[in-house]
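*Asks:* here's my sequence, what's the structure:
(one chain, ligands or ions: 1)
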Amino acid sequence: MFIDGKMTPGKSAESIPVINPATEEVIAEVPRGTPEDMQAAVSAADCAFDLWKRTPASERAAALHKVAEKMRAHHVELVRLLTQEEGKPLPENEEEIWWSEETFDYYAELGRNSRGLVIPPGNPGQFNFVLREPHGVVGCITPWNYPILLLIWKIAPALAAGNTVVIKPSRITPLTTLKLVEIACDHLPAGVVNVVTGYGSEVGEVLVKHPRVPMIALTGSLAVGQHIASLAAPRMKRLHLELGGKDPMVIAPDFEIDTAVKGLAYAGLINTGQVCTSTERVYVHESIFAQFSEELADFVSKLRLGNGLDEGTDIGPMIRHRFREVVESQLSEAVTAGAQILTGGKRPTAFERGFFLEPAVVTSVNHSMRLMREETFGPVLPLMPYHDFDEAIRLANDCDYGLGASLMTHDARLVKRFFEEVQAGSIWINDPLTDNFAGPFGGMKMSGIGRELGQEGLDEFTELKHVHWDIDGGTKDYWYPY
Ligand code: NAD
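*Replies:* Here you go, the predicted model:
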């Protein structure tokens, strides 16, 4: 773990194995953090806060640029380690680490440009202004699917705004986080960044309930988000929650079928479908449905499964057997209810080990099936035909989640209706799942609270304070006695 500027095994004699999902080998062990370890990390972060908050923004910016610079110097090492513990192919991890480096540079600059506001005075002689202040110690709890990117979307703005952080990485993928702080955060004052490894129910809850941690930023499942919100409620903590999704894609009849096939395969299968914004429901116009399904099944059946470290791998393993079982159970229930699997859905026989699952294309699905209602988080593309655009929008919105939504069309009238009527935090037209760190990312409905990235992602890590200053300081005629 990394507490108060030092790598430490912590207080526990127990450890947690980290497994490579492509080989099922144990590649390392990390400490099973204890409540005392978490207490030590929060105390270190709390002590460091006063200094970090008062550090001039230009010095903080230089320190954050240096994090990016050090990450770049260890880029290859970070990419390989991430591939070993998370499983997705090297090109996808190249992108994850590249994005993370860029995000640090982006928030280094945005942080030093942070502005408050001067407003017209409420009374003559008053000076009214609004400050943006850091919260204090921010608890950053991260998932396994993009362990570095989603960590940096939290810590880069949190640190740029003057907060200190305690990180609780997923116990499934803690290694790249530990490596990152060891090699790239060692120049920051001790206590500004801390990492405690372990179980959510053990160290995670201590962090969430800790009275010296006024804000929790979590990316994770809806169930854990709901639980954390209930734990944080008694102290009215600030919550930033990036939760699950069940994103739709609508394919209009005017769009080129071969382009839509490739775009959809990417949107639904990148990271083996284990993306919060994976396309998990596809609505295709009835006039092209038959041809589209056939071409998609053909394209998907040719994608190459393999170890993420091997050149030529398109799709890596799923992260764990239990997540694969969730996908298999949704698929088998759908088949019992009448769905047809055109390709995939089976464990490939070519691999003796690893949590692989062939990507599936499924038709004859409907919204009564769990496959079309619950988060699948695996390599499945379920297709439904729609008759007109009203129906497509109704189906897209028929979901408790509202993270992202995609449309493939060249028809501007459909585009306008889609971005106006579909309830989702991100709308992608013709280029699904692209990121842009200058714009806010996050979900509507049950997909979460708050936004990451952009100016909004920096503002989340600040509190507003309105200062009313009567400069003359004289007695007022509205004071007692009336
Ligand atoms: P998870 O909810 O199981 O775990 C997320 C983190 O919460 C882990 O670090 C875990 O240890 C911790 N945790 C669990 N119980 C806790 C508790 N009681 N107290 C404190 N911490 C606790 O999620 P996961 O399986 O790691 O990640 C997959 C989920 O994350 C999916 O639902 C996916 O949609 C979601 N996700 C959302 C986004 C987004 O931006 N909206 C991005 C990526 C992933």
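*Asks:* the spatially closest residue to residue 94 that is not a sequence neighbour sits in which helix or strand?
*Replies:* Nearest residue to residue 94 in three dimensions, chain neighbours excluded: residue 79, at 5.5 Å (C-beta to C-beta, 6 or more residues apart in numbering). All C-beta spots, glycine's among them, are computed from the backbone N, C-alpha and C. In the assignment (DSSP states H and E), residue 79 maps to helix 75-86.
*Asks:* helix or strand for residue 298, which one?
*Replies:* Going by DSSP H and E, residue 298 is part of helix 289-301.
*Asks:* which residues touch the helix holding residue 79?
*Replies:* With contact meaning C-beta atoms under 8 Å, 6 or more residues apart in numbering, helix 75-86 is reached by 18, 20-21, 27, 71, 89-90, 93-94, 96-98, 101, 144-145, 147-148, 172-176, 179-180, 183, 308-309, 319.
*Asks:* who in the stretch 251-400 of the chain is up against the ligand?
*Replies:* The stretch 251-400 of the chain has residues 276, 375, 377 near the ligand, with proximity defined as C-beta under 6 Å from any ligand atom.
*Asks:* quick one: the first one is in a helix?
*Replies:* No - Residue 276: not assigned to a helix; according to DSSP: H, G, I helix; E, B strand; the rest coil it is coil.
*Asks:* so what's it up against?
*Replies:* 145, 219, 242, 243, 244, 245, 403, 447.
*Asks:* just the buried residues of these.
*Replies:* 145, 219, 242, 243, 244, 245, 403, 447 (16 or more other C-beta atoms under 10 Å).
*Asks:* one step back: for the residues of the stretch 251-400 of the chain next to the ligand, which one is nearest residue 433?
*Replies:* residue 276 (10.2 Å; C-beta to C-beta).
*Asks:* and that closest one, its phi and psi?
*Replies:* Main-chain torsions, residue 276, degrees, to the nearest 10: phi -60, psi -30.
*Asks:* likewise residue 143?
*Replies:* phi -90, psi -180.
*Asks:* if we check the ligand, which of the buried ones among the contacts of residue 276 are in contact?
*Replies:* 145, 219, 242, 243, 244, 245, 403, 447.
*Asks:* pLDDT, secondary structure and distance to residue 476 added to those, as a markdown table?
*Replies:* Formatted as a markdown table, these follow (pLDDT from 0 to 100; DSSP: H, G, I helix; E, B strand; the rest coil; distance: C-beta to C-beta, whole Å):
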| residue | pLDDT | secondary structure | distance to residue 476 |
| --- | --- | --- | --- |
| 145 | 98 | coil | 58 |
| 219 | 98 | strand | 49 |
| 242 | 98 | strand | 47 |
| 243 | 98 | coil | 49 |
| 244 | 97 | coil | 53 |
| 245 | 98 | coil | 54 |
| 403 | 98 | coil | 51 |
| 447 | 98 | coil | 48 |
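*Asks:* show me where the stretch 301-450 of the chain has helices.
*Replies:* 321-336, 370-373, 389-397, 412-421 (DSSP state H, counting those that start in this stretch).
*Asks:* mind listing what's buried in the third one?
*Replies:* What that stands for is helix 389-397. For helix 389-397, using 16+ other C-beta under 10 Å, the buried residues are 389, 391, 392, 393, 395, 396.
*Asks:* swap in the shortest one?
*Replies:* Within helix 370-373, the residues scored as buried using 16+ other C-beta under 10 Å are 371, 372, 373.
*Asks:* what mean pLDDT does it have?
*Replies:* Across helix 370-373, the average pLDDT comes to 98.
*Asks:* okay, the residues of the stretch 251-400 of the chain next to the ligand in a markdown table with distance to residue 9 next?
*Replies:* Formatted as a markdown table, those follow (distance: C-beta to C-beta, whole Å):
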| residue | distance to residue 9 |
| --- | --- |
| 276 | 33 |
| 375 | 36 |
| 377 | 33 |
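*Asks:* which among these gets closest to the ligand?
*Replies:* For those, the residue nearest the ligand by C-beta to the nearest ligand atom is residue 276; the value is 3.1 Å.
*Asks:* what separates the closest one from residue 246, distance-wise?
*Replies:* 10 Å (C-beta to C-beta, to the nearest Å).
*Asks:* so what sits against both of those two?
*Replies:* Joint contacts of residue 276 and residue 246 (C-beta under 8 Å, 6+ apart) are residue 403.
*Asks:* counting neighbours, what do you get for the closest residue to the ligand within the stretch 1-150 of the chain?
*Replies:* Residue nearest to the ligand within the stretch 1-150 of the chain: residue 143 (3.1 Å; C-beta to the nearest ligand atom). Residues contacting residue 143 under the criterion other C-beta atoms under 10 Å number 22.
*Asks:* which residues touch it?
*Replies:* 150, 170, 219, 220, 221.
*Asks:* roughly how far apart are it and residue 400?
*Replies:* Distance from residue 143 to residue 400, by C-beta to C-beta: 19 Å.
*Asks:* just the buried members of the contacts of helix 75-86?
*Replies:* 18, 20-21, 71, 89-90, 93-94, 96-97, 101, 144-145, 147-148, 172-176, 179-180, 308-309, 319.
*Asks:* out of those, which sit inside strands?
*Replies:* The strands, defined by DSSP state E, take in residue 18 from the buried ones among the contacts of helix 75-86.
*Asks:* flag every residue of the stretch 51-200 of the chain that's near the ligand.
*Replies:* Near the ligand, when you scan the stretch 51-200 of the chain using C-beta under 6 Å from any ligand atom, you find 141, 142, 143, 144, 145, 146, 150, 168, 170, 171, 200.
*Asks:* as CSV, those residues with distance to residue 120 would be great.
*Replies:* Shown next, in CSV, are those (distance: C-beta to C-beta, whole Å):
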residue, distance to residue 120
141, 41
142, 43
143, 45
144, 50
145, 47
146, 44
150, 41
168, 44
170, 48
171, 52
200, 47
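*Asks:* which strand residues bridge residue 242?
*Replies:* For residue 242, the beta-bridge partners are residue 219, residue 448 (DSSP bridges).
*Asks:* who touches it in this structure?
*Replies:* Neighbours of residue 242 in contact, by C-beta under 8 Å, 6+ apart: 150, 218, 219, 220, 276, 442, 443, 447, 448, 450, 452.
*Asks:* equivalent analysis for residue 371, please.
*Replies:* Per C-beta under 8 Å, 6+ apart, neighbours of residue 371: 330, 331, 333, 334, 339, 362, 365, 380, 382.
*Asks:* do residue 146 as well
*Replies:* 96, 271, 275.
*Asks:* kindly report the same for residue 278.
*Replies:* Taking C-beta under 8 Å, 6+ apart, one finds 245, 247, 267, 268, 269, 270, 271, 376, 377, 433 in contact with residue 278.
*Asks:* which one is the second one nearest to, not counting chain neighbours?
*Replies:* Setting aside the residues directly before and after it, residue 247 is nearest to residue 404 in space (C-beta to C-beta, 6+ apart), at 4.5 Å.
*Asks:* ok, now the last one?
*Replies:* In space, residue 433 comes closest to residue 267 once its chain neighbours are excluded; the distance is 5.2 Å by C-beta to C-beta, 6+ apart.
*Asks:* quick one, the strand or helix carrying that neighbour and helix 289-301 angle?
*Replies:* Residue 267 belongs to helix 257-269 when assigned by DSSP H and E. Relative orientation of helix 257-269 and helix 289-301, computed by axes from the mean of the first three to the mean of the last three C-alpha atoms, to 10 degrees: 60 degrees.
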